[in-house]
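Undergrad: can't give you the sequence, but here's the structure:
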């Protein structure tokens, strides 16, 4: 009898729920038994201490411990929110599959059932994302944007207690833990573009574990993979991390001449006063190329100037 597939996961409700989703896919689609293994990450420790995510290191802060557990052989598979994965490869680890994506949009949880546009000027809106903060400023609603940490329940609790008038969260996270009824508005991407990869899960395993790698590939959704590859190519070319004010969203749609990809992206100054917004189309088979070309056009149009201060900080962190 084959041993169970050990799935590494962070300890939060959202992370274990996501890992459970992948576990069920492995059971039903691959016919394998599974075991969840909890791993504490630097991001979880800093979150408990209340340290802002951007200070800890942004992209990858929730990923390192899971990858270390993979390489040590403590687990066979790691499940991540794809938006948390750095865009550069990690030696010895392969992104085995990207399953079908949840709705990638951002959502608002506000007091009294209000939408963003209905909140009075000066209302306190919590977010831990510079991307969301910049785009909220760009809407020009006169809101006070306040940093926030903690899990989904903690953030919603701050609205219920009156400490915040609203918080902005990923709709996918709310849906996965059955809290979607708490959302008072789902934001149109024309108002707020999500983080590259938002709503998608990344399933990693050791690159040398070729048998498991081949099995996990059966969990892949090709349209989701193409979309997130294009978005992450934008991010990689702009050299931003999750703490840089960059949003991107790609979709694959059926066309008369086959599937076509459409992607739009934005880079903003931290105060949202300046931005570079562009879109592009191409073939899903050339997802990375489409994303790279779009980002290059954005750089030529001034995106480098907007992102430069954050990029310098990110480079020093990874040096």
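TA: That came through fine. Remember, predicted model here, so these are calculated numbers, not experimental data. Numbers count the residues shown, from 1 in each chain.
Undergrad: where are the low-confidence patches of the stretch 101-250 of the chain?
TA: Counting by pLDDT under 70, the stretch 101-250 of the chain has low-confidence residues at 240-244.
Undergrad: quick one: residue 259 and residue 99, what's the gap?
TA: With distances taken as Cβ to Cβ, to the nearest Å, residue 259 is found 18 Å from residue 99. C-beta: built from backbone N, CA, C; applies to glycine.
Undergrad: More neighbours: which of these two?
TA: The residue with more neighbours, out of residue 259 and residue 99, is residue 99; 21 against 14, by other Cβ atoms under 10 Å.
Undergrad: excluding its backbone neighbours, what's nearest that one?
TA: Nearest residue to residue 99 in three dimensions, chain neighbours excluded: residue 219, at 5.2 Å (Cβ to Cβ, 6 or more residues apart in numbering).
Undergrad: Does that neighbour touch residue 29 like I think?
TA: Yes. The pair residue 219 and residue 29 qualifies as a contact (Cβ atoms under 8 Å) at a distance of 6.0 Å.
Undergrad: Same drill for these two, tell me which one is more crowded.
TA: residue 219 (18 against 13).
Undergrad: Report the contact partners of that one.
TA: Residues in contact with residue 219 (Cβ atoms under 8 Å, 6 or more residues apart in numbering) are 22, 25-26, 29-30, 96-97, 99, 203.
Undergrad: again, only this time at 6 Å
TA: 25, 97, 99 (Cβ atoms under 6 Å, 6 or more residues apart in numbering).
Undergrad: the helices in the stretch 101-250 of the chain, which residues?
TA: 130-138, 152-160, 171-176, 210-216, 222-238 (DSSP state H, counting those that start in this stretch).
Undergrad: residues of the second one that come out buried?
TA: Applying a neighbour-count criterion of 16 or more other Cβ atoms under 10 Å, the buried positions in helix 152-160 are 152, 155-156, 158-159.
Undergrad: closest to residue 306 among the residues you listed?
TA: Closest approach between those and residue 306, by Cβ to Cβ: residue 155, at 27.5 Å.
Undergrad: Can you give me the neighbour number for the residue nearest to the closest one when sequence neighbours are not counted?
TA: Nearest residue to residue 155, sequence neighbours excluded (Cβ to Cβ, 6+ apart): residue 167, at 4.7 Å. Burial of residue 167 is recorded as 27 neighbouring residues (other Cβ under 10 Å).
Undergrad: correct me, but residue 167 touches residue 153?
TA: No. Counting by Cβ atoms under 6 Å, residue 167 does not reach residue 153; the two are 11.3 Å apart.
Undergrad: Fine, thanks again, bye for now.
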